[in-house]
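1. Need a 3D model of the sequence below.
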Amino acid sequence: MRAALCASYCRNPDEGESPWCCTKETCVDSDPSSWDYCDVCARPPPPAWECKDGQLIGNGFDYDEDVAKTEKGQACKWWSGVKDERGYKYASTKYGFGSTERK
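-> Below you'll find the predicted structure:
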């Protein structure tokens, strides 16, 4: 089951390689400073998660814990406020959540 894009917690809405979050208000692949992966194995994972040697096994599609910092220690932005390169909020139907409001 897909985890909700709530607060500023690390998630994997695009089913990429690992949970990540946005670090700027506009979050695009072409700007690596606008997002980063999260170290969800830095603390004991919940029972549904498996980490081996500090690495997540799988892609974390359903990760729903409360890690809210990137691997580099940057604070994650709230999902409801960030947009992709087309101006769509991440909390939208494009990613399986909410409405497709544009700002």
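
2. Who does the least confident helix or strand in the chain by mean pLDDT pair with, and is each partner parallel or antiparallel?
-> Across the helices and strands of the chain, mean pLDDT, DSSP states H and E gives its lowest value to strand 51-52, namely a mean of 76. Strand 51-52 has the following strand partners under DSSP bridges: strand 55-56 (antiparallel).

3. Could you list the low-confidence segments of the protein?
-> For the chain, the stretches with pLDDT under 70 are 1-6, 43-49, 89-103.

4. so how far is residue 37 from residue 19?
-> 7 Å (C-beta to C-beta, to the nearest Å). For every residue, glycine as well, the C-beta is placed using N, CA and C.

5. what about these two, which has more around it?
-> A direct count of neighbours by other C-beta atoms under 10 Å for residue 19 and residue 37 places residue 19 higher, at 24 against 18.

6. can you pull out the strands in this protein?
-> Ranges of strands in the chain, per DSSP state E, are 20-22, 35-37, 51-52, 55-56.

7. quick one: which of the ones you listed is nearest residue 84?
-> Of all the strands of the chain, strand 20-22 sits nearest to residue 84, with 9.2 Å by C-beta to C-beta.

8. Quick one: distance of that closest one to the chain centre.
-> 4 Å (C-alpha atoms, centre = their mean, to the nearest Å).

9. Can you get me a residue count around residue 57?
-> Neighbour count of residue 57, defined by other C-beta under 10 Å: 12.

10. give me phi/psi at it?
-> phi -90, psi 120 (degrees, to the nearest 10).

11. Wait, it touches residue 40, no?
-> No. Using C-beta atoms under 8 Å, residue 57 is not in contact with residue 40; the gap is 11.2 Å.

12. Residue 69: what's its closest spatial neighbour, skipping adjacent residues?
-> Leaving aside its chain neighbours, residue 69 sits nearest to residue 75 (6.0 Å; criterion: C-beta to C-beta, 6 or more residues apart in numbering).

13. One more: residue 81?
-> Residue 81 sits nearest to residue 25 (C-beta to C-beta, 6+ apart), 6.4 Å away.
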